[in-house]
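Okay, here's the prediction I keep looking at, along with the sequence it came from:
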Amino acid sequence: LTFPNQCTSGLLVPMTGNPSFIHNTGMQCPGTNFADVLPLSLNVTRDNTQWDNEWEKDEYVFKSLIAKDVNCADKFWAISCAKNYCDGQDDASEKAGAMMGIPFFLCAICCPFFGAITDKYGIQRNMIICPCAALIVA
């Protein structure tokens, strides 16, 4: 980061911005497959910042900030200091939820057909083994 102890996106970003660069190449990061960069440390208190009463804490002082410290439900992080990071977290949660729904969707579609075949031909054992084998292969 250009300013490693200041916010990276949102309302509290320095007027000139706070871009992050790859030291070896000088290109801006993160790329498309990386999480947004967080500041290394942070010192935001009522005394040194225009304060918003909707923020959850009385001060945001971190000597060494890690991802676990960021609570995207808090408007300080979500809107004022690490907006891009929190937006990325929200997008990742939505994508994960959609992926986790695929097996349930397939079960809802396939179960009636497998049930009808099992009732008609009576091959319950094979109908249990085949999907299990397909899951192992996948």
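That came in fine, so what should we check first? Residues are numbered from 1 along each chain as shown.

Output the below-cut-off pLDDT ranges for the protein.
Within the chain, the stretches falling below the threshold (pLDDT under 70) are 1-5, 14-36, 138.

show me where it has helices.
Along the chain, the segments classed as helices by DSSP state H run 75, 83-121, 124-137.

So which of these is the most surrounded?
Mean neighbours per residue, mean count of other CB atoms under 10 Å, is largest over these for helix 75, with a mean of 18. Where you see a C-beta, it was placed from the backbone N, CA and C, and this is true even at glycine.

Restricting to C-alpha, output stretch 64-71 in CSV.
The C-alpha trace of stretch 64-71 is given here as CSV (Å, rounded to 0.1, in the frame of the first residue of the first chain):
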residue,chain,number,x,y,z
SER,A,64,-1.1,-5.3,13.3
LEU,A,65,-4.4,-5.6,11.4
ILE,A,66,-5.4,-9.1,10.2
ALA,A,67,-8.5,-10.2,8.3
LYS,A,68,-10.1,-11.6,11.4
ASP,A,69,-10.2,-8.1,12.9
VAL,A,70,-12.5,-6.8,10.1
ASN,A,71,-16.2,-7.1,10.8
